[in-house]
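Visitor: no sequence for this one, just the structure:
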Ligand SMILES: *Cc1c(COP(=O)(O)O)cnc(C)c1O
């Protein structure tokens, strides 16, 4: 018998979520599949969305080339842009769109050996203060890029720092800063990540950039968008034991049984991407019913409370996250975000479910 740890990927759910993103925003929508599609498999997600996505986005040129090698012909935006001349040459050869977010990238483009024409997305720092051209310099950057032979500024973009905080005025200020500095410069506009799509209609422009919501994790605190989870991280019970009151479980003896406690051992650990920071009480579903993690997560195993599930034995299915246990709930318990949990999934077998809708 092989180890039962799996990440099932539901491609029909991915398509559902993409359609929701596109409809909510209006206009065109990039499917952001950087970091191996947030741990879901970039090639398989791109193929699943090939019939509907307007374009894809990845972080770096290498990720885009892997998609090209797999036969993806859609436009692909490289969100970090070019690191060097090789990236620019590859972008021209493979017809990639490059983000330009630093003056040094403008110089790289200006001094490149002439290539096939290139389309760039020029990014403004409208208030996140991480990447992007400062608003007072934006028009000049636009002019300098547009003057480079073979370079066209197709889209003016910016990124939100706090769009997942509906009551914070930082996003409204970013929108105003962007609109003022972009003015009437030619080019389409793109402001929204998933939280912008779901929470900030005033930021909807020509292009959305949907990431986390494609995978079914709602970034807004209300969490009321009808998204479907794409990944189900699952395994099975591989051992059962009884703890007497006072007995400690696992590394560090973090959990001490307050009463007779039935413990299930699960084939899933932090080497698979399950967060070691998950505390006692983190939700887990066993045989379709909710219970809780107890004891510290090990590299290859973790332990769950089966005290209220006396009939559950070896081989019972365990869902770490998916339709029953929201990945957001695990992330919140573990003090992180769904993005990090999903990206970290590794070692487990990926099982692609591409059942067409009934
Ligand atoms: C990753 C990324 C996105 C997608 O963000 P989500 O919050 O996952 O929707 C959008 N824009 C940029 C620039 C990004 O780097």
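Guide: Perfect, thanks for sending it. These figures come from a predicted structure and were not determined experimentally.

Visitor: Mind giving me the packing neighbours of whichever strand or helix holds residue 292?
Guide: Secondary structure from DSSP states H and E places residue 292 in strand 289-292. Counting by 3 or more C-beta pairs under 8 Å, 6 or more residues apart in numbering; DSSP states H and E, the packing neighbours recorded for strand 289-292 are strand 283-286, strand 302-305. Every C-beta, even on glycine, is put in place using the N, C-alpha and C of the backbone.

Visitor: Any chance of a markdown table for those, columns mean neighbour count, distance to the ligand and mean pLDDT?
Guide: Converted to a markdown table, the helices and strands packed on strand 289-292 look like this (neighbours: other C-beta atoms under 10 Å; distance: least, C-beta to the nearest ligand atom, whole Å; pLDDT from 0 to 100):
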| stretch | mean neighbour count | distance to the ligand | mean pLDDT |
| --- | --- | --- | --- |
| strand 283-286 | 22 | 23 | 98 |
| strand 302-305 | 25 | 27 | 98 |
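
Visitor: now the ones you listed as a markdown table including distance to residue 311?
Guide: Formatted as a markdown table, the helices and strands packed on strand 289-292 follow (distance: least, C-beta to C-beta, whole Å):
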| stretch | distance to residue 311 |
| --- | --- |
| strand 283-286 | 11 |
| strand 302-305 | 14 |
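
Visitor: on that earlier part again, return the distance of the strand holding residue 292 from the chain's centre.
Guide: 26 Å (C-alpha atoms, centre = their mean, to the nearest Å).

Visitor: Tell me, how many residues neighbour the residue of the stretch 151-300 of the chain found nearest the ligand?
Guide: Relative to the ligand, the nearest point of the stretch 151-300 of the chain is residue 211 (2.2 Å; C-beta to the nearest ligand atom). Using other C-beta atoms under 10 Å, residue 211 is surrounded by 24 other residues.

Visitor: Once you drop chain neighbours, what's closest to it?
Guide: The shortest distance from residue 211 to any non-neighbouring residue, by C-beta to C-beta, 6 or more residues apart in numbering, is to residue 32 (3.7 Å).

Visitor: tally of neighbours for that neighbour?
Guide: 25.

Visitor: If it is in a bridge, with which residues?
Guide: Beta-bridge pairing for residue 32 (DSSP bridges): residue 57.

Visitor: quick one: residue 301 from the ligand, how far?
Guide: 31 Å (C-beta to the nearest ligand atom, to the nearest Å).

Visitor: Does that residue touch residue 267 like I think?
Guide: Yes: with contact defined as C-beta atoms under 8 Å, residue 301 reaches residue 267; the gap is 6.5 Å.

Visitor: can you tell me which residues contact the residue nearest to residue 211?
Guide: Residues counted as contacts of residue 32 (C-beta atoms under 8 Å, 6 or more residues apart in numbering) are 56-58, 79, 193, 209-211, 214.

Visitor: what's the answer for residue 334, then?
Guide: Taking C-beta under 8 Å, 6+ apart as the test, what residue 334 contacts is 275, 277-279, 282, 341.
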